[in-house]
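> Need coordinates for the following:
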Amino acid sequence: MSDPKHVSPTDPVGDATPADHRVDAVPGDGRDETENERLDRNWNEMLQELRVIQTGTQILTGFLLAAVFQSRFEELDDYQRTVYLCLVVTSILTTVFGLTPVSLHRALFRQRKKAQVVRATDRILMFTMLGVALTLAGTGMLIFDFVFGRVGGIVIGVVILLVVAGLWVVVPRVVRRTSHIELRG
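Presented below is the predicted three-dimensional model:
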């Protein structure tokens with residue numbers, strides 16, 4: 001007998017069990033996947049993002065850690081040394097955030113907690129991106145401060161933050177909004 005609660009586009013008679021029930025992840029996106037398949041896909045997409053972020057943060061952190069051993073480091077004034085130390089801490093914490101999903105996955109592996117891992121990783125990625133933005137802007141600020149002076153450093157730091165905010169926050173929202181308009185139209 002058919003149960004109306006289990007009727008889906010791929011199972012119009014409703015004979016599927018809940019474990020077999022296939023759902024559209026986003027209405028009209030053409031995907032026919034189970035909740036577990038959607039979580040696996042989301043996790044794999046996040047892993048790709050993490051690979052890019054981890055490489056970038058590790059290179060930035062290495063650059064910052066090596067800078068202290070350069071002969072010209074002695075020429076930094078107190079402000080520049082403070083900015084430098086803040087950048088080192090921010091970069092290291094960003095690297096830690098970027099590696100946290102791996103630790104989370106390891107701790108919860110085979111515990112049937114994929115949904116929680118995906119949700120937590122999504123939030124962790126937001127903090128990681130914020131850390132990357134601050135590290136990039138701060139590094140640009142420090143370099144320009146050293147070469148062109150305080151005003152040049154502050155200007156380039158603000159410009160970098162504005163560009164990052166535009167590309168990482170505004171552009172995705174515009175694309176999301178225009179894709180919703182296209183779907184409706």
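> CA atoms for contacts and neighbours, from now on please.
Will do.
> Find the nearest non-adjacent residue to the spatially most central residue of the chain, please.
What sits nearest the mean C-alpha location of the chain, by CA atoms, centre = their mean, is Leu125, with 3.4 Å. Nearest non-adjacent residue to Leu125, counting by CA to CA, 6 or more residues apart in numbering: Gly98, 7.0 Å away.
> Distance check, the residue nearest to the centre of the chain against Met46.
8 Å (CA to CA, to the nearest Å).
> cool, and Val83?
For Val83, the distance to Met46 - CA to CA - is 31 Å.
> Can you give the distance from the helix or strand harbouring Thr139 to the centre of its chain?
Per DSSP states H and E: Thr139 is located in helix 114-148. Chain-centre distance of helix 114-148: 8 Å, with CA atoms, centre = their mean, to the nearest Å.
> Show me which positions of that helix end up buried.
114-115, 117-118, 121-122, 124-125, 127-146 (16 or more other CA atoms under 10 Å).
> ok, now stretch 153-171?
153-154, 156-157, 160-161, 164.
> Show me those that map onto strands.
With strands defined by DSSP state E, no entry of those lies inside them.
> between those, which is nearest Asp40?
Nearest to Asp40 among the buried residues of stretch 153-171, counting by CA to CA, is Val164 at 29.2 Å.
> distance of the closest residue to that closest one other than its chain neighbours from Arg106?
Nearest non-adjacent residue to Val164, counting by CA to CA, 6+ apart: Ala133, 6.6 Å away. Distance of Ala133 to Arg106, given as CA to CA: 27 Å.
> Could you do Thr94 as well?
To Arg106, Thr94 is 19 Å away according to CA to CA.
> which one of the two has more residues nearby?
For Thr94 versus Arg106, neighbours defined as other CA atoms under 10 Å are more numerous around Thr94 (28 against 11).
> contacting residues around that one?
By CA atoms under 8 Å, 6 or more residues apart in numbering, the contact set of Thr94 is 57, 127-128, 131-132.
> Wait, Met141 touches Val151, no?
No - counting by CA atoms under 8 Å, Met141 does not reach Val151; the two are 9.4 Å apart.
> one step back: next, give me the two most distant ones among the contacts of Thr94.
Thr57 and Phe127 (12.7 Å).
> can you give me the helices in this protein?
With DSSP state H applied, the chain shows helices at 35-67, 78-108, 114-148, 150-165, 171-184, listed in chain order.
> Now mean pLDDT too, for these, in CSV please.
Formatted as CSV, these follow (pLDDT from 0 to 100):
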stretch, mean pLDDT
helix 35-67, 88
helix 78-108, 93
helix 114-148, 94
helix 150-165, 98
helix 171-184, 80
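> how's the protein carved up into domains?
The chain breaks down into these domains under automatic domain parsing: 1-33, 35-184.
> what about the longest one, distance to the chain center?
Distance, stretch centre to chain centre, for domain 35-184: 7 Å (CA atoms, centre = their mean).
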